[in-house]
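S.K.: Need a 3D model of the following:
(one chain, ligands or ions: 2)
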Amino acid sequence: MTTFLTTPAAWPSILLARRDAADPTDLASAVRAGAFGGLTKAMRELGPAATIGLLEEAGLRGRGGSGHLAAEKWRAAARTPAKARYVVANGYGADPSVATDRALLETDPYAVIEGAAIAAFATGAEEVHIAVRAGATEAIARLEAAIVAALEAGFIGDDALESGSRIEILVRPVQGAYMLGEETVLLKALESKRGQPEQRPPHPSTKGLYGRPTVVHNVQTLAVVPYILRHGAAAFRKIGDPDAPGTILVEVRGPDGAGVAEVPLGTPLRDVIALVGAPARGRKVKAVVIGGPSGGILPASQLRTPYSFDGLRAAGAHVGSGSVVVADDRACVVDLARILTRYCADEACGKTIPCRIGLRRIAEIGERLTTGTSRAGDLQLLEDLSADVVGSALCDHERLATLPLMSGLRYFRAEVDAHLERGECPAGVCRPATLAPAAAAGPSTRASRAQA
Ligand SMILES: Cc1cc2nc3c(=O)[nH]c(=O)nc-3n(C[C@H](O)[C@H](O)[C@H](O)COP(=O)(O)O)c2cc1C
Ligand code: SF4
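M.R.: Ligands and ions are numbered 1, 2, ... in the order given. The predicted structure is shown next:
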């Protein structure tokens, strides 16, 4: 069962708007609350090109983490000549600590189905694959029942809404590791192939599932689309951030509570973390880890940062999985960064050497910092390795995996230095018995890098 956090009454709701208004297991109640109004408008009034134009006007950006413009993907898929096209809804939810996509599928499966059907209609795709983590049994059951109901009502199927368009929607339970959420890996899994990321371009929008043009979106991105169709681009643009209109689901976790909430993009971080309450008496917010395993660690001084794709990126974090974790002053940032970096190194698929070896070396630097075994030049080595890893990135995992340590270094330098130079963990988290000062904090060299 998902815990939903209470949000301020003034915050608009798109993704969870039907949470109280409609029964997720009953199509009629969802239709009364607006479901399939967007698809009807796209099919009966706008047509494919104007639907994509509206999406462009609305400035919808993908909720899967990177914030790419949705209309660009749709247009590329629609324009690429092909015998078949596909839409893939990414509901895998790679970050195991985040339940936002599962919560959406359980709460309003119709919004995802409708958004995917609009994408299929606009791009000329006949088949939609909704990928869901195999363990999310309730989400799968609700989706399957909702698809059957939408099919029986004629919203999808051989002649969807008598438009002449055929739209088949399939639920595809998938199970795997963290990397399975990456779109090119997910596409291979849907083809029952072993998956490692592929170099892009070509992007899936021109060469995706079975080599055909494929629009891949996070389930939230698709669930927003019907709102834009029903209410128009201007109404959508009034919500959220001018550069990233609309809302997004986040999973906020603090020492005293956790849950899923819908927040307008651009909301100051301070207001997002307030959803789990103030720190316990006598405690202070020390850091906020944003974006999941490859997330950035921001200090309390950055709480004015807007929760948006560009705002977070500028501060050294990213939307990523939608995870927002509040650490109070009992936490050690160096230790947090160590844990996240180790996870990222272990989850790297191993296809490219700079990522496979580089992330492992970087994780080892984190481990040396927290065990008092740091070597001279470790920080310079960290910076050099990070630049190399990011510079040679084949996929976004490699581009982002160094963020925890790099943002820790950027904002918590004194705490890092305490570990490195004095063998101290100011928060008392790292094992003090093993902490000892670095042998000598001399300048790093390429030679020290080669040894590492
Ligand atoms: C390691 C890794 C894991 C990812 N996991 C997910 C995921 O669980 N769900 C998701 O929608 N996108 C995930 N992504 C991003 C996808 O590759 C892709 O950009 C996204 O599904 C596109 O959807 P959007 O246009 O709605 O943002 C992941 C990316 C990486 C590098
Ligand atoms: S960059 Fe890392 S995670 Fe991405 S394909 Fe290469 S080894 Fe795999």
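
S.K.: so what pLDDT did residue 275 get?
M.R.: We have a pLDDT of 96 for residue 275.

S.K.: Return the residues in contact with it.
M.R.: Residue 275 makes contact with 5, 6, 7, 252, 259, 261, 263, according to Cβ atoms under 8 Å, 6 or more residues apart in numbering. Just so you know, the C-beta spots here come from the backbone N, C-alpha and C atoms, and that holds for glycine as well.

S.K.: As JSON lines, these with secondary structure would be great.
M.R.: Listed next are the contacts of residue 275 as JSON lines, based on DSSP: H, G, I helix; E, B strand; the rest coil:
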{"residue": "5", "secondary structure": "coil"}
{"residue": "6", "secondary structure": "coil"}
{"residue": "7", "secondary structure": "coil"}
{"residue": "252", "secondary structure": "strand"}
{"residue": "259", "secondary structure": "strand"}
{"residue": "261", "secondary structure": "strand"}
{"residue": "263", "secondary structure": "strand"}
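
S.K.: Closest one of the residues you listed to ligand 2?
M.R.: Nearest to ligand 2 among the contacts of residue 275 is residue 252, at 27.2 Å by Cβ to the nearest ligand atom.

S.K.: Now the contacts of residue 275 in CSV, please, with extra columns for distance to residue 385.
M.R.: Putting the contacts of residue 275 into CSV (distance: Cβ to Cβ, whole Å) gives the following:
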residue, distance to residue 385
5, 38
6, 43
7, 40
252, 32
259, 37
261, 36
263, 34
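
S.K.: are any of the residues you listed buried, and which?
M.R.: Buried subset of the contacts of residue 275 (neighbour count, 16 or more other Cβ atoms under 10 Å): 5, 7, 252, 259, 261, 263.

S.K.: Is residue 297 part of a helix or strand, or is it coil?
M.R.: Following three-state DSSP, the label given to residue 297 is strand.

S.K.: thinking it is in contact with residue 335, fair?
M.R.: No. When contacts are counted by Cβ atoms under 8 Å, residue 297 is not listed as touching residue 335 (10.9 Å).

S.K.: Look at those two and report which has more neighbours.
M.R.: residue 297 (31 against 21; other Cβ atoms under 10 Å).

S.K.: Return the set of residues that bridge with that one.
M.R.: Here residue 297 sits in beta bridges with residue 289, as judged by DSSP bridges.

S.K.: tell me the contacts of it?
M.R.: 287-290, 317, 333, 336-337, 404, 407-408, 411-412.

S.K.: buried set for the helix or strand hosting residue 397?
M.R.: Using DSSP states H and E, residue 397 falls within helix 396-400. Buried positions in helix 396-400, judged by neighbour count with 16+ other Cβ under 10 Å: 396, 397, 398, 399, 400.

S.K.: just stretch 88-104 next, same as before
M.R.: Using 16+ other Cβ under 10 Å as the test for burial, stretch 88-104 gives 88-95, 98-104.

S.K.: Could you do stretch 46-54 as well?
M.R.: Neighbour counts over stretch 46-54 (16+ other Cβ under 10 Å) mark 46, 48, 51, 52, 53, 54 as buried.

S.K.: Just say helix, strand or coil for the fifth one.
M.R.: Going back to what we said before, that points to residue 53. Once three-state DSSP is applied, residue 53 turns out helix.

S.K.: Nearest residue to it in space, please, no chain neighbours.
M.R.: residue 71 (7.8 Å; Cβ to Cβ, 6 or more residues apart in numbering).
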